[in-house]
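Trainee: When you get a sec, could you give me coordinates for this:
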Amino acid sequence: MKPIKFSVEVKKARSLGLPIVALESTIITHGMPYPKNLETAKIVEKTVRDNGATPATIAVIKGSIHIGLESKQLETLSQVKTAEKLSRSDLVTCLAKRQTGSTTVAATMILANHVQIKVFATGGIGGAHRGSEIDFDISADLYELSKTPVNVVCAGPKAILDIPKTLEILETLGVPVITYGQNNLPGFWSKSLNIKSPSRMNSTTQIAEAFKIRQELGLSGGQLIANPIPSSKEIPWSEISKVVAQSISESQELKIKGKDVTPFLLNRIFEITNGKSLEANKALIINNARLAAKIAINLMES
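Mentor: Prediction:
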């Protein structure tokens, strides 16, 4: 395998022992259209910096692992249309074949942990899709959370999922689900669902302490921190749930399966909401980056 390549900024942070926050690259190649994806990626990185940590956007470029991307690399990746969408199952094949790929939650966790980065900010995690009791369409993100010791800051499970089933699987796998600052679980584009969170914490110091205790006890896996989208940017669940249901129905009629399901649903939801979902998506990932930076700082201090 080729040596891991660190950006100049990340290399400096590592040498000085400064807090680093991992960022995925799938949101760049598959989550948003160009140039909105590049604009959002730059703002998210700036948000991490403004809150005292160093951003490390992770991707595979021509068979090399990149931990942190230079400005030109970020711009190039934002316009690549053939990037593989990498999870645990296909990360190594992409590396072996010297291909380019963007990292999902699972792959980002694996590579972040490999270089000792313990905090990762994303939009929303994957989980159990609706109907997964029949077709077993369950994201590798859930299993990665049970294995890999990384704090994953998100806005909750993606709204297109079967959220109660996703929570049940996380509980079975022993993954702590911590909602930041409220009792109910956030629903990605929606600030709150009518589902009580398994746990609530009101401070990043407490979240960092919980992670350290987990490691001291020798428990495998990480923590899922669900961070509600700001109220001013949310799409209420009463509104977005109908759009999600319509999009899922259309995907089933078209017999869309596997990795193609999520991109199709997100695109249809974008179309039906006249772009509101994309604006909400941008707001929540920025909000998550802000919280992740604070957790990373607390981990360094404790």
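
Trainee: Return the mean pLDDT over stretch 193-205, rounded to an integer.
Mentor: Throughout stretch 193-205, pLDDT has a mean value of 97.

Trainee: how about the helices in the stretch 201-302 of the chain?
Mentor: Per DSSP state H, counting those that start in this stretch, the stretch 201-302 of the chain carries helices over the ranges 204-216, 237-253, 261-272, 276-301.

Trainee: Mind putting the ones you listed into JSON lines with distance to Ser7?
Mentor: C-betas here are computed from N, CA, C, even on glycine. What follows is the helices of the stretch 201-302 of the chain, written out as JSON lines (distance: least, CB to CB, whole Å):
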{"stretch": "helix 204-216", "distance to Ser7": "25"}
{"stretch": "helix 237-253", "distance to Ser7": "36"}
{"stretch": "helix 261-272", "distance to Ser7": "27"}
{"stretch": "helix 276-301", "distance to Ser7": "17"}
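
Trainee: Flag whichever of those has the least confidence on average.
Mentor: If those are sorted by mean pLDDT, helix 261-272 sits at the bottom with a mean of 90.

Trainee: buried sites along it?
Mentor: By 16 or more other CB atoms under 10 Å, the buried positions in helix 261-272 come out as 261-262, 264-266, 268-270, 272.

Trainee: Stretch 64-78 too?
Mentor: Result for stretch 64-78 [16+ other CB under 10 Å]: buried residues 65-69, 73-74, 77-78.

Trainee: residues in contact with Ser220?
Mentor: When contacts are counted by CB atoms under 8 Å, 6 or more residues apart in numbering, Ser220 is found next to 146-147, 149, 174.

Trainee: Which strand or helix spans the closest residue to Leu142 other than its chain neighbours?
Mentor: In space, and not counting its chain neighbours, Leu142 is closest to Ile169: 5.3 Å by CB to CB, 6 or more residues apart in numbering. Element membership of Ile169, judged by DSSP states H and E, is helix 163-172.

Trainee: Other residues contacting that helix?
Mentor: Contacts for helix 163-172 (CB under 8 Å, 6+ apart): 127-128, 132-133, 138, 142, 145, 156-157, 177, 185, 187, 193, 195, 198, 224.

Trainee: Please compute how far it lies from its chain's middle.
Mentor: 17 Å (CA atoms, centre = their mean, to the nearest Å).

Trainee: List the buried residues in that helix.
Mentor: 163, 165-167, 169-170.

Trainee: average pLDDT for it?
Mentor: Here the average pLDDT along helix 163-172 is 96.

Trainee: Quick one: list the elements packing against the helix or strand just after that helix.
Mentor: For helix 163-172, the following helix or strand on the C-terminal side (DSSP H and E) is strand 177-180. Where contact means 3 or more CB pairs under 8 Å, 6 or more residues apart in numbering; DSSP states H and E, strand 177-180 is packed against helix 163-172, strand 199-201, helix 204-216, strand 223-226.

Trainee: Turn those into TSV, including distance to Ala96.
Mentor: Converted to TSV, these look like this (distance: least, CB to CB, whole Å):
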stretch	distance to Ala96
helix 163-172	30
strand 199-201	40
helix 204-216	31
strand 223-226	30
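
Trainee: wait, which of the ones you listed is closest to Phe120?
Mentor: Checking the helices and strands packed on strand 177-180 against Phe120 by CB to CB gives strand 223-226 as the closest, at 9.9 Å.

Trainee: Check the offset of the closest one from the chain's centre.
Mentor: Offset of strand 223-226 from its chain centre (CA atoms, centre = their mean): 10 Å.

Trainee: what helices or strands is that strand leaning on?
Mentor: By 3+ CB pairs under 8 Å, 6+ apart, strand 223-226 packs against strand 151-154, strand 177-180, helix 204-216.

Trainee: Since that was my last question, I'll sign off now.
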